[in-house]
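Undergrad: Model the following, please.
(2 chains)
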Number of protein chains: 2
Amino acid sequence: MELNERKSRAGGRGARRALRSAPDFAMLPALKRNLPLCEPMDGDQIARIDDASMAILEDVGVVFRDEIALEDWRRAGADVRGERVHLDRGLVRELITTIPSSWTYRARNPERNVSFGGNHSIFVPMTGAPFLRDLDDVRRWPTVADLNMFHKLAHMSPALHSTAHHIVEPMDMKVSHRHLHITYSSMTHSDKTFMGMTTSGKNAEDVMDMCEILFGADVMEDTPVVTGNCNGNSPLVWDETMLSAMRAFCKRNQPVLCSPFVLGGANTPASVAPAVAQLNAEALSALAYTQVIRKGCPAIYGHYLSTVSMKSGAPMAGTPEISLMNFMIGQMARFYGVPWRSSNTLGGAKTFDAQAGYESAMTLNAVLHAGCNYIWHSAGWNEAGMHCSVAKFVVDAEMCAMGYRMAEGIRWDDFDEALRAIRDVGPGGHYLGHPHTQANFERAFFLPKLFDNNSIEQWQAEGSVEITARALAHARKLLRDYEKPKLDDGIDEALRDYIARREREIPAEDALNTEH
Amino acid sequence: MELNERKSRAGGRGARRALRSAPDFAMLPALKRNLPLCEPMDGDQIARIDDASMAILEDVGVVFRDEIALEDWRRAGADVRGERVHLDRGLVRELITTIPSSWTYRARNPERNVSFGGNHSIFVPMTGAPFLRDLDDVRRWPTVADLNMFHKLAHMSPALHSTAHHIVEPMDMKVSHRHLHITYSSMTHSDKTFMGMTTSGKNAEDVMDMCEILFGADVMEDTPVVTGNCNGNSPLVWDETMLSAMRAFCKRNQPVLCSPFVLGGANTPASVAPAVAQLNAEALSALAYTQVIRKGCPAIYGHYLSTVSMKSGAPMAGTPEISLMNFMIGQMARFYGVPWRSSNTLGGAKTFDAQAGYESAMTLNAVLHAGCNYIWHSAGWNEAGMHCSVAKFVVDAEMCAMGYRMAEGIRWDDFDEALRAIRDVGPGGHYLGHPHTQANFERAFFLPKLFDNNSIEQWQAEGSVEITARALAHARKLLRDYEKPKLDDGIDEALRDYIARREREIPAEDALNTEH
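TA: Next comes the predicted model:
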């Protein structure tokens, strides 16, 4: 607790200084939605999905490939047959009622705490890319320096509320030690909230220990400070890796995303509504298990959603069915009173081309109209997640700021004043010189930095620079302006000591060769 | 009438033949929306906009720069002071009640008739581009051959319900004769519905006469067969060109779009809600005038919406405020019971890059969630309308097909059957081989033709072709496969005779020089 108090004060001062010196980088508060939700299902249809999912849980069951989970389920009163757990709907409903519907994520700088759940949403960058397109748009394997770079860019993007964790895989770090350095990079390059690695139960424990150094154990008992992700294996399987990581997080009262990984048509039925019935069953089974682990601990409903090309088997992004599934899943999460996650700005293109733009904006609109709370993969995702693009990262971050503005809804505070401007200007006049325009233009209409709206003549005079080059120049400028947020020296030392000790304790394989 | 009957039968046969030989090109019926609308205003807020707009019409008034319109308004009981017409809200409300809320557009091939208004929407390509990016992605002045090409592409795009009119300006045609050749190109290269030029009252009369040759005067008395556009000069001005064209259309019972041309912040207040109050007043004044011209004639509410960069004065596309204005304007149009138009897939980029993709998808989502009926500029628009891009045209057309699928909503017809598949497959299985998947995969998940979702290895093996090149190859293939829909020889001859006569009658200026 003492550590944490020192940290908070230091972080607070650093953040305030950063805000003063570079107001453009000030983080937006968590989005507070004020736009109606897109809810295509009526009450009967919600009940139909719910009933179908509950019947799947009861009759088909869910496989938990994990001895501890099976034992936990037996104790909780489930009907366990081998690895298959049959869950009565009464038990599921009872268990999930103790999941909080909203909370505040604590950041090490309290000015960057974010409200979460209900009508509050946060944008979180992409993670898990085995390649990047770098500052020269070259596609290659990432290093820990690249990961640091992305954490800096996330820190400086106002609409990103988190730095996530392994935005790119640091291939130059030993696999078994990677989670330590990823966590340290998130913690030190930004004072926003972040994600914790769930690559194994032991790795998740390390993340929890490092969070305890940063925040203090009692703060963690009170408040979520980090988020883990647990992917399910659709259809209807949870494995030991994910379940042991889930236990590590839940026991310390930290939320996990219960995320079946969906390849619509391959691991779900080839139809939207029945696919949602299956996904809903899967998510419910994991959400219920979080409450078996620790009653009342926070947890997040949600999925990675894609549809599969029946031509090539490849996952697709931005398709209409993904939008529909998002709308439906949002309704189901609200029906159960649990905050939910989805994925944003997903591209399947190989370069940062028009395809990537279309796909990304389709998913952005889908999650915003669906009312998603944990808006993950919100920057950088292209090539179906195989690479994180620096150019796309900064443009996506600006798109999130635009989506944020849209989802905030309509302002009415200057309505009467502006009506007077209409009378002042009158037919055939113009507003550019009017005092209301002068006073309001900065907040009135979003002016994207990375979209060029000049005439072609001016654009050509400036060198005919396309968006990838403009975005990369912007990223370089951000990195030049980056200031590392202050971290208490004692905490930093404790984190480094922890990493050094664990590196000695954990057997190390070689890192992957990045020289190609 | 005789001409028209012959034509309809011929067109019908041609279309059926086309459907049989090339099912991929079959036009989708008008979109029947089955997704909830995004309606951010409550009843009080709608009333507040309505009241503000009516107060503008009463107190500020609207300038009609046209003697005939002023005389019409005097006769209709408006308070006319000079060019400024003050419209009492009672009069406005009374006038607009006679505008039909929905109708069917008649195409020369009755199989391509489209339902319109209410929850029916149609996609119409962009128009008015003074440049194109051609089949080699070269930016240059368009010719009538380029216009023909776009009409062919619109004809072959299943989600485009119209060929519009001057998608690009045929710069090689004499300005004063252009409207004749544009209309002839729309009428002959497709048997879908189309738009009519409104570049002057006399030009609009020519369009009406040509429609009479194609459809017959009594059909036109019964049914809309063409759409005109009348731009207002915001704030609060309508000019003689637009008003005389409006009269030509309304007198023949054909609908016009009452479209204030909005540069948010320049010709409106710099604030979303007050801007909508002004735009609503402008649209209402024109809608009311259509009913003064001819009580009961169809008319369409709507706007071209952009926001202006306060840095450069340039219009911007895809910004959050444009989405919000769309949501609000949709609510106002439904409040008045009048079908409405907006603009779609707008890009401000100079090339078909990621910016164009993001912007286009943002506007696509906005108009779909807003429930727009006449979804104009749905293919090709880039560089703020300065050019129509062939590559973007075919990709936008596919995006419209994806948006169409999303807005159709959720299918439930195979729900129980697919639930049985979940039981068959069970935990850890896969669906690719299941009979339900085999039977449903083609309709289950949209498979975009122009988005590449293959692995990077496969993409590289196929030559690393980016979307612009893929789209242009697709356009070339469409043009190779194009079959001109049959038109009765007598009608064709009558149209050509009409054009030849009018060319003799209308004094001609030189065409613009396209040799640069």
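Undergrad: interface residues of the stretch 101-250 of chain A facing chain B?
TA: Residues of the stretch 101-250 of chain A lying near chain B by Cβ under 8 Å from any Cβ of the partner chain: A:139, A:233, A:235, A:236, A:237. The C-beta positions use only the backbone N, C-alpha and C, and glycine is treated the same way.
Undergrad: which intervals of the stretch 351-500 of chain A have sub-threshold pLDDT?
TA: Along the stretch 351-500 of chain A, segments meeting pLDDT under 70 are nowhere present.
Undergrad: Helices of that one, residue ranges please.
TA: For the stretch 351-500 of chain A, the helices defined by DSSP state H, counting those that start in this stretch cover A:354-370, A:390-408, A:415-425, A:435-444, A:456-461, A:467-481, A:489-505.
Undergrad: Those: which one's closest to residue B:507?
TA: Residue B:507 lies closest to helix A:456-461 among the helices of the stretch 351-500 of chain A, at 33.0 Å (Cβ to Cβ).
Undergrad: by contact count, what packs against that closest one?
TA: With contacts defined as 3 or more Cβ pairs under 8 Å, 6 or more residues apart in numbering or on different chains; DSSP states H and E, helix A:456-461 has no helix or strand neighbours.
Undergrad: buried stuff in it?
TA: Neighbour-count burial for helix A:456-461 flags A:456, A:459 (criterion: 16 or more other Cβ atoms under 10 Å in any protein chain shown).
Undergrad: which residues touch it?
TA: Here helix A:456-461 makes contact (Cβ atoms under 8 Å, 6 or more residues apart in numbering or on different chains) with A:452, A:465, B:139, B:312, B:350, B:383, B:386.
Undergrad: 10 Å - rerun?
TA: Outside of helix A:456-461, the residues within contact range by Cβ atoms under 10 Å, 6 or more residues apart in numbering or on different chains are A:452-455, A:464-466, B:131, B:139, B:312, B:314, B:349-351, B:383-384, B:386-387.
Undergrad: And residue A:87, how far from residue A:251?
TA: According to Cβ to Cβ, to the nearest Å, residue A:87 and residue A:251 sit 21 Å apart.
Undergrad: So for the two, which sits in the more crowded spot?
TA: residue A:87 (25 against 14; other Cβ atoms under 10 Å in any protein chain shown).
Undergrad: I'd like to know how far that one sits from residue A:269.
TA: 20 Å.
Undergrad: Counting only strands, which of the contacts of helix A:456-461 make the cut?
TA: Cross-referencing those against strands under DSSP state E gives B:131, B:139, B:387.
Undergrad: Kindly state the beta-bridge partners for the last one.
TA: To tie it back to what came earlier, the one meant is residue B:387. With DSSP bridges as the criterion, residue B:387 is bridged to residue B:131, residue B:382.
Undergrad: isn't it right next to residue B:142, touching?
TA: Yes: counting by Cβ atoms under 10 Å, residue B:142 is a contact partner of residue B:387 at 8.8 Å.
Undergrad: any common contacting residues for these two?
TA: Going by Cβ under 10 Å, 6+ apart, residues that sit against residue B:387 and also against residue B:142 are B:129, B:130, B:131, B:132, B:134, B:168.
Undergrad: Pick out the most distant pair among these.
TA: Checking the shared contacts of residue B:387 and residue B:142 with Cβ to Cβ, the most distant pair is B:130 and B:134, at 13.8 Å.
Undergrad: More neighbours: which of the two?
TA: In this view residue B:130 and residue B:134 are compared by other Cβ under 10 Å, and residue B:134 has more residues nearby, 21 against 16.
Undergrad: what's the closest non-adjacent residue to that one?
TA: Leaving out its chain neighbours, the residue that sits closest to residue B:134 by Cβ to Cβ, 6 or more residues apart in numbering or on different chains is residue B:390, at 6.0 Å.
Undergrad: just residue A:267 next, same as before
TA: Distances taken as Cβ to Cβ, 6+ apart put residue A:234 closest to residue A:267, at 4.0 Å, once the chain neighbours are dropped.
Undergrad: what residues are up against the residue lying closest to residue A:198 once chain neighbours are set aside?
TA: Using Cβ to Cβ, 6+ apart and skipping the chain neighbours, the partner closest in space to residue A:198 is residue A:245 (3.6 Å). Going by Cβ under 10 Å, 6+ apart, residue A:245 touches A:196-205, A:207, A:228-230, A:256.
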